[in-house]
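> coordinates for the following, if possible.
(chains A and B)
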Amino acid sequence: MQQRFRAAPSPTGKVHIGTIRAYLPNFLLAKKYGGKNILRIEDTDQTRLVPNGVEAMIEAYEEVGISFDEGPHKEGDFGPYIQSQRLDIYKKYAQELLDNDYAYYCFCTKERLEELRETQKANKQKPRYDGFCRNIDKSEALKRVNDGEAHVIRMKFPQEGGTVCHDLIFGKVSVKNSDVEDQVLMKADGFPTYHLAVVVDDHLMGITTAIRGVDWLPSFPKHVKLYEFFGWELPKFAHLPLILNPDGRKKLSKRHGAFPVSQILRKGYLKEAVMNYAMLCGWSPKPELAHQDEIYTVEELIKLFDLDRVHKTAARYDQAKFDYINSKHIRRLTIDQFSERIIDWAKRYVMRRFISDEYTEAAEWEAEVKSFVEKYLPLWEKDLEYFKRALALEHERITVLSEVPSALDFFYEKELSWEDSDWNTKNHTKSELADALEKLLPRLEEIFKGNQFDHEAWEKVVRGLADELNWKHGDMFMAVRSATTGRLQSPPLLESFEIMGWEKVKAFVEQAIVWLRK
RNA sequence: GCCGCUAUCGUCUAGUGGUUAGGACGACAGGUUUUCAUCCUGUAAACCAGGGUUCGAUUCCCUGUAGCGGCACCA
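Got it, this is the predicted structure:
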């Protein structure tokens, strides 16, 4: 039988690393078993709609590589895939429950329910519906409904015995039936609640494995009972553990790395790294198939992932590990691939807007990255060979793609600017540095003027001058570094000069001397 | 408060009725290096507590504790 999985978000437009982790297993398993991955929009709460939320989410999922075989954007045989377009269906099944005495009309007002909850809380009881309308005579209830009295439909959950549910990750989960309340299935506005809609849709859409967050575990029995009421075969269920804030408290939130996918990608995390990291939260491959460095491609994840090795415990978000994984994926790229990815990143994520940008607050760094990219992208593209040669020197130094534009600036600028902190003045004053550079310049010209960059000659010149002036060699190299790159950390100098060419190096050194004497 | 779930280095995790409890990130210390990074080597670092069961429990059971989740006409 073909396996069918589904992601069932409500259309808030928000997609972050936690969401990715929640929906990735569906995608991976659908690919692994040749099944289908379905996107269904759960928009039964009419008070929480976001304009373009659906489009924004689809965009985010697909950008990180989670694609769907059916959904609002890709009609299949089980549509519509938006719950607000399926109201008649829920109505029909709610009626079926009513007819079979598995559900009843409830006329309790919100005020009464609120009061009820308050007293229950005050008495240290679990707040729950008390079954007030459970035994209203059916014909009387119907009359009240026909008279237009506001009502909901509640599930009549049996109050004796217990219910045992089976979960692929947690195993047996059992509850006393008397602990389960009569859940509202149809709201007064005619929309179903999640509980009815999810069961009906999963069944009708032929979902074979329903994967969702552990936050649904407590209402699992209600859903199991609903399947029983309808006489439907139960799909398999898997409840995924959550990703927690780095401090281990509460679900991942915005101020702790739950950045929207738009920002993750714009910052320059590769989609394969996003997947890799997301899956490593709460899952590990079989030891004999695991990689020592914990780096996995998408294809490998598809091959290796299975629900039976998913942890039961929540994992904390760890930015340092995510960074490690991203830099490892970057290093795996060839220079050709790396340069393509950078240019693609610049165009697709920096220069273009995500749909979700309409309603997510922009971070400060986004504007900065954009201004860099606007400036350098045309230059990169103008001479791709030059770009690749420069980029190769930064390949081992980059953690996220957004570091690239500023890292390569001295390859592209005609003039450098310095601050005092760009120089190592521990052992020598600025004017000493200027004097040294002035002495050095003609000697460098001597060996570099034909753009021939001989390592031995270069070392000899720099170290030779250092010896003459009685400087530490390192101080001399650092002076040259600051003069030619504008900073204290850079790729190896000679290799950089080889790309920049002597004229540029010379110009920078001359500018530096002027600046140092200012 | 009530209900449910869970518990291995700081973090992510592997693993077992008998192991020197393994790896990764991070930290620290060395090496390589003209800086930074890379790369290499090494060090520190864990089985929540108490009871059982057992010849033997980190592993199985119970209790406690802690954490997380849920307790809506939200999903």
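
> can you classify A:Ile153 as helix, strand or coil?
Three-state assignment for A:Ile153 (DSSP: H, G, I helix; E, B strand; the rest coil): strand.

> mind listing the helices for the stretch 351-500 of chain A?
For the stretch 351-500 of chain A, the helices defined by DSSP state H, counting those that start in this stretch cover A:364-382, A:384-394, A:404-407, A:409-412, A:430-448, A:455-469, A:473-485, A:493-500.

> how about the ones you listed in JSON lines, adding mean neighbour count?
Every C-beta, even on glycine, is put in place using the N, C-alpha and C of the backbone. JSON lines is the format used below for those (neighbours: other C-beta atoms under 10 Å):
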{"stretch": "helix A:364-382", "mean neighbour count": "15"}
{"stretch": "helix A:384-394", "mean neighbour count": "18"}
{"stretch": "helix A:404-407", "mean neighbour count": "22"}
{"stretch": "helix A:409-412", "mean neighbour count": "19"}
{"stretch": "helix A:430-448", "mean neighbour count": "17"}
{"stretch": "helix A:455-469", "mean neighbour count": "15"}
{"stretch": "helix A:473-485", "mean neighbour count": "22"}
{"stretch": "helix A:493-500", "mean neighbour count": "19"}
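
> nearest to RNA strand B, of those helices?
Nearest to RNA strand B among these is helix A:473-485; the distance by C-beta to the nearest atom of the strand comes to 3.3 Å.

> what's in contact with that closest one?
A:410, A:416, A:418, A:422-424, A:426-428, A:433, A:436-437, A:440, A:462-463, A:465-466, A:469, A:487-488, A:490, A:493, A:496-497, A:500, A:505, A:508-509, A:512-513 (C-beta atoms under 8 Å, 6 or more residues apart in numbering).

> pLDDT on that helix, on average?
Model confidence over helix A:473-485, given as mean pLDDT, is 95.

> could you check the angle it makes with helix A:455-469?
120 degrees (axes from the mean of the first three to the mean of the last three C-alpha atoms, to 10 degrees).

> out of the contacts of helix A:473-485, which are close to RNA strand B?
Counting by C-beta under 7 Å from any atom of the strand, A:Leu488, A:Ser490, A:Leu493 from those sit close to RNA strand B.

> okay, the last one: pLDDT?
At A:Leu493, the predicted lDDT confidence score is 96.

> A:Tyr296 versus that one, what's the distance?
Using C-beta to C-beta, to the nearest Å, we find A:Leu493 at a distance of 37 Å from A:Tyr296.

> again with A:Lys370
Distance, A:Lys370 to A:Tyr296, by C-beta to C-beta: 32 Å.

> go on, A:Gln159?
Using C-beta to C-beta, we find A:Gln159 at a distance of 48 Å from A:Tyr296.

> comparing those two, which residue is more hemmed in?
A:Tyr296 (23 against 14; other C-beta atoms under 10 Å).

> surely that one meets A:Met279?
Yes. Judged on C-beta atoms under 8 Å, A:Tyr296 makes contact with A:Met279 at a distance of 7.5 Å.

> RNA strand B contacts on the stretch 201-350 of chain A?
So the stretch 201-350 of chain A meets RNA strand B at A:214-219, A:241-242, A:244, A:248-251, A:280-284, A:286-287, A:292-294, A:309, A:311-316, A:318, A:320-321, A:323-324, A:327, A:331 (C-beta under 7 Å from any atom of the strand).

> which of these fall in helices?
Among these, the subset assigned to helices under DSSP state H consists of A:Leu280, A:Ala320, A:Lys321, A:Asp323, A:Tyr324, A:Ser327, A:Arg331.

> which pLDDT value goes with the fifth one?
At A:Tyr324, the predicted lDDT confidence score is 97.

> tell me the strands beside the helix or strand A:Ala210 falls within, with direction?
Assigned by DSSP states H and E, A:Ala210 belongs to strand A:209-213. Here strand A:209-213 is paired, per DSSP bridges, with strand A:236-240 (parallel).

> does RNA strand B sit close to the lowest-mean-pLDDT helix or strand in chain A?
Using mean pLDDT, DSSP states H and E, helix A:110-122 stands out as the lowest-scoring helix or strand of chain A, at a mean of 87. Yes. Shown here: helix A:110-122 in contact with RNA strand B (C-beta under 7 Å from any atom of the strand) through A:Lys110, A:Leu113, A:Arg117, A:Lys121.

> just to revisit the earlier point, out of the residues of the stretch 201-350 of chain A next to RNA strand B, which are buried?
When those are checked for burial by 16 or more other C-beta atoms under 10 Å, the buried set is A:214, A:216-217, A:241-242, A:244, A:280-283, A:314-316, A:318, A:324, A:327.
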